[in-house]
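Engineer: Pasting the sequence and the predicted coordinates here, then a few questions.
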Amino acid sequence: MGADGHDKKKGWSNWSGNQTAEPQHIARPRDMDDLKAAITRAAGPVRVVGAGHSFTPLAATDGTLIKLDGMGLVHSVDQTAKRAWVNAGARLKYLSPELERYGLAFRNLGDINEQSLAGAISTATHGTGAGLSCLSAEVTALKLMTASGELLTISRERDSDAFDAARVSLGALGVIVEAEVQLVDSYRLHRLTWAEPLDALIGHAQSRWKTRRNYEFFYIPFSGYGISIAHEETKNKPTPRPPQDDDEAVLGLKRARDYAEDDVAGRREFLKAAFESFEGEDVIGNSWQLLASQRNVRFNEMEYHLPVKKGLSALSDVIAIIEKKHPDVFFPIEVRRTGGDDIWLSPFNDGGRISIAVHAYHEDSYDFFFSDIEPILRKAGGRPHWGKLHSLDYRSLSDLYPEFVTFSKVRNRLDPEGRFLTPYLKTLFGVKGTR
């Protein structure tokens, strides 16, 4: 590695393996000077990568790829305001235990914590809870390095347009180096999981979102059953948690599919029997240890965020078409709800939404996402998760986001030469030419 933190040319792949690239350089800056050198000396597009958990080619580039995980964890803490400046390139799984040392925690987290903070906020990554917004909404200020190497500190009070754009920006404005995050006092959660039929899942979902802090469910295709997961805050002491077997459960669903082949009825009976003996969880632990789960079985994913009144009806249509046409699908369908915010490119910026996520095993085709699932979700008024598979471009996205054109103007102001744009991002933002 050179003095400026550059590796020699090497290949890159995202977590699932569906996106690859051959960057000219991979830079791992250790401080602001390293980062400035990596950006200003770069030939070709500059992109930042975290854990590689986006299924779209957001990070893929043949130019310079930057990894920020070597620039620390927590930089400063305001205990009174419950805010902390942290390295935006740090992984959530490392930030949470470090913040706990200060008696603080993220208000909410998604169902994995492998992502970098910058990757999570740049794509509006979310957890579940009708009264809980996406992680981007917890950001109170950012330090952003532009293509010229200038370091900007932005907030609601300081260049508010840049701040409104940067909180969900797909990395198109510059490099988010540090983030000031609004936190809460550390807290424990009481986690409950249980199995029930699909009609009960759909019938009770809205009331559970109204009464539970966190609620989501996973429907298992071709079973008629699903798993509910709920969390409530508690002051009670932690309890032992049995070893987690989520990966083995998913592989068990794959074996059931492979064994049944085209015998859908037999597969349904087998899965029904498995659910009747399902033993749920009833545990208490630290919030960050229970909200996030291990996901080691690789997959590809499409997730859309739908208006609350249309989400469950669309879910029924998604399940129907999968069970009619796609017996190869075995991964659970995840259903969550997230509170609204005011961020320009946040899918939740006009109020809370229901999120529907469909998965395909990493070795299986996901063409059905686009042919059969996406039309249902788009017809219901859905907006795609920025880091998950979709087919939308500038024209369709600008129709979905009232501030999309305004965002593009801010992007052009901060990066007039398009140094942070790849061909993929140019299709999203309607930028022509190679600049």
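Structural biologist: Right, received. Where do you want to start? Numbering: from 1, shown residues only.
Engineer: gap between Ile229 and Gln24?
Structural biologist: 43 Å (Cβ to Cβ, to the nearest Å). Using the backbone N, CA and C atoms, a C-beta is placed for each residue, glycine as well.
Engineer: And these two? Which one has more around it.
Structural biologist: Applying other Cβ atoms under 10 Å to Ile229 and Gln24 shows that Ile229 carries more neighbours, namely 23 against 17.
Engineer: which ones are touching the nearest residue to Pro384 once chain neighbours are set aside?
Structural biologist: Among residues not flanking Pro384 along the chain, His390 sits closest, at 3.5 Å (Cβ to Cβ, 6 or more residues apart in numbering). If you count contacts by Cβ atoms under 8 Å, 6 or more residues apart in numbering, His390 has them with Thr56, Met302, Tyr304, Glu374, Pro384.
Engineer: any idea which of those residues has the most stuff around it?
Structural biologist: Compared across the contacts of His390, Tyr304 has the highest neighbour count, 27 neighbours, by other Cβ under 10 Å.
Engineer: okay, the contacts of His390 in a markdown table with distance to Ser287 and pLDDT next?
Structural biologist: Formatted as a markdown table, the contacts of His390 follow (distance: Cβ to Cβ, whole Å; pLDDT from 0 to 100):
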| residue | distance to Ser287 | pLDDT |
| --- | --- | --- |
| Thr56 | 29 | 98 |
| Met302 | 28 | 99 |
| Tyr304 | 27 | 99 |
| Glu374 | 33 | 99 |
| Pro384 | 28 | 99 |
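Engineer: now, which of those residues lie within strands?
Structural biologist: Among the contacts of His390, DSSP state E puts Met302, Tyr304, Pro384 in strands.
Engineer: so which of those residues comes closest to Glu98?
Structural biologist: Pro384 (32.1 Å; Cβ to Cβ).
Engineer: is it true that the closest one touches Leu306?
Structural biologist: No. Counting by Cβ atoms under 8 Å, Pro384 stays clear of Leu306, with 10.6 Å between them.
Engineer: Find the residues that touch each one of those two.
Structural biologist: Going by Cβ under 8 Å, 6+ apart, residues that sit against Pro384 and also against Leu306 are Leu377.
Engineer: what about the residue nearest in space to the middle of the chain, helix or strand, and which?
Structural biologist: In the chain, the centroid-proximal residue (Cα atoms, centre = their mean) is Thr125; its distance is 3.5 Å. Counting by DSSP states H and E, no helix or strand carries Thr125.
Engineer: Put the alpha carbons of the longest helix anywhere in the chain into CSV.
Structural biologist: As assigned by DSSP state H, the longest helix anywhere in the chain is helix 308-325. Extracted C-alpha coordinates of helix 308-325, given in CSV (Å, rounded to 0.1, in the frame of the first residue of the first chain):
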residue,chain,number,x,y,z
VAL,A,308,-49.7,2.4,4.4
LYS,A,309,-53.2,1.9,3.0
LYS,A,310,-51.9,-0.1,0.0
GLY,A,311,-49.1,-2.1,1.4
LEU,A,312,-50.9,-5.2,2.7
SER,A,313,-53.1,-5.5,-0.4
ALA,A,314,-50.0,-5.4,-2.6
LEU,A,315,-48.3,-8.0,-0.3
SER,A,316,-51.2,-10.4,-1.0
ASP,A,317,-50.7,-9.9,-4.7
VAL,A,318,-47.0,-10.5,-4.4
ILE,A,319,-47.6,-13.7,-2.5
ALA,A,320,-50.2,-14.9,-5.0
ILE,A,321,-48.0,-14.4,-8.1
ILE,A,322,-45.0,-16.1,-6.4
GLU,A,323,-47.1,-19.1,-5.4
LYS,A,324,-48.7,-19.3,-8.8
LYS,A,325,-45.6,-19.0,-11.0
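Engineer: what's in contact with it?
Structural biologist: Residues outside helix 308-325 that contact it (Cβ under 8 Å, 6+ apart): 198, 202, 205-206, 219, 221-222, 264, 306, 329, 333, 335, 337, 351-356, 358, 368, 372-373, 376-377, 379-382.
Engineer: now whatever helix or strand comes next after it and helix 308-325, what's the angle there?
Structural biologist: Using DSSP H and E, the helix or strand that directly follows helix 308-325 along the chain is strand 333-338. For strand 333-338 against helix 308-325, the angle by axes from the mean of the first three to the mean of the last three Cα atoms, to 10 degrees is 170 degrees.
Engineer: pLDDT score for Thr434?
Structural biologist: At Thr434, the pLDDT value in this model is 48.
Engineer: now Ala90
Structural biologist: At Ala90, the predicted lDDT confidence score is 98.
Engineer: How about Asp262?
Structural biologist: pLDDT, Asp262: 86.
Engineer: Over to His6?
Structural biologist: For His6, the predicted pLDDT is 39.
Engineer: With His75 instead?
Structural biologist: Note on His75: pLDDT of 98.
Engineer: Could you do Leu201 as well?
Structural biologist: Note for Leu201: predicted pLDDT of 99.
Engineer: Let me know the next secondary structure element after the host helix or strand of it.
Structural biologist: Under the criterion of DSSP H and E, Leu201 resides in helix 198-211. Next in sequence after helix 198-211, counting helices and strands by DSSP H and E, comes strand 214-220.
Engineer: Good, wrapping up.
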